[in-house]
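Novice: Okay, here's the prediction I keep looking at, along with the sequence it came from:
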Amino acid sequence: FQDASVSGLWSENGLSKAINRATSLRNLIKTALLAEGHLQADAEGRITQQAIARLDKSRLVGSLDAFFAALEARGVLAFNALPVLHAGRGKTREARRWHGFLERLLQGLRQKGITLVLWGRIAEDILALPGARHFRVLQSEHPYNVSFIHNPVMRRLFADWRLLGSPAQGTGG
C-alpha cells in the first residue's frame, strides 16, 4: 500500500487524485475516517468525496508517509504476503514461493502480544503455516473490496489505531 505515486492524502475536493486511483489505499483511508469518527457514511453507506471535502483536515495527517509513520508508531509491521509478483505467474502459486520465508519470519516474531492482521485470500493462506498458530489473528477481506470499509472487525482495529489523528497527537502531518 506504500504507493510511490501518492504523497498528499487530501485535495480541495476530498481525497487526492492519487489516493482515489489507489483503490485499496483509498479504502484504508475511508475506513480510518469512519472508525475515528471524522465522518459518517451517507444513507446508502457511501463515503463521498463531498463529505470528505467538507472535513476540517487541518488536524489530520496529510501525507502517506505520516499515515505509515502512524502505523509504525503503533507497532505495526506491514508485510505483503506476496512481496513480488512475476508476470505470467498466478498470484496464489507465486505467494506459496514465499511460505518458507514467512514461516521463518513467524518463528522469529514468536512472542507474546503479537496479532497477525490478514487481509485477503492470499494472506489467509498464512494460517496454514505452523508458525501462525502462535498468534492472535484478525482477518478480513482485502481492502480493495468496498466491504472492507464497513467490516466491524477492521473498524474496531482502526478506531484503536487512530491513524489519522492530529499532529498534536504525535502522528505527524
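Specialist: Thanks, I have it.

Novice: So, low pLDDT: which residues of the protein?
Specialist: For the chain, residues meeting the criterion pLDDT under 70 lie at 85, 166-173.

Novice: Could you pull up the residues touching the residue most central in space within it?
Specialist: For the chain, Leu28 is the residue whose C-alpha lies nearest the centre (C-alpha atoms, centre = their mean; 5.0 Å). Contact analysis of Leu28 by C-beta atoms under 8 Å, 6 or more residues apart in numbering lists Phe1, Pro143, Phe148. Bear in mind the C-beta positions are built from the backbone N, C-alpha and C, glycine included.

Novice: If we use 10 Å, what do you get?
Specialist: Residues near Leu28 by C-beta atoms under 10 Å, 6 or more residues apart in numbering: Phe1, Ile19, Ala22, Phe67, Leu71, Trp119, Pro143, Phe148, Ile149, Met154, Phe158, Leu163.

Novice: is it true that the fourth one touches Leu33?
Specialist: Right, Phe67. No: taking contacts as C-beta atoms under 10 Å, Phe67 lies outside contact range of Leu33: 11.7 Å.

Novice: Overlap in contacts, those two.
Specialist: Contacts common to Phe67 and Leu33, judged by C-beta under 10 Å, 6+ apart, are Leu60, Leu163, Leu164.

Novice: Weed out the non-buried ones from the residues you listed.
Specialist: For these, a burial check counting by 16 or more other C-beta atoms under 10 Å picks out Leu60, Leu163, Leu164.

Novice: Next, format those as a markdown table and append secondary structure.
Specialist: Output for the buried ones among the shared contacts of Phe67 and Leu33, formatted as a markdown table (DSSP: H, G, I helix; E, B strand; the rest coil):
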| residue | secondary structure |
| --- | --- |
| Leu60 | coil |
| Leu163 | coil |
| Leu164 | coil |
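
Novice: Near Gly108, how many other residues are there?
Specialist: Neighbour count of Gly108, defined by other C-beta atoms under 10 Å: 9.

Novice: Need phi/psi at it.
Specialist: When read as degrees, to the nearest 10, the backbone of Gly108 gives phi -70, psi -30.

Novice: With Leu138 instead?
Specialist: phi -120, psi 130.

Novice: No further queries at this time; thank you.
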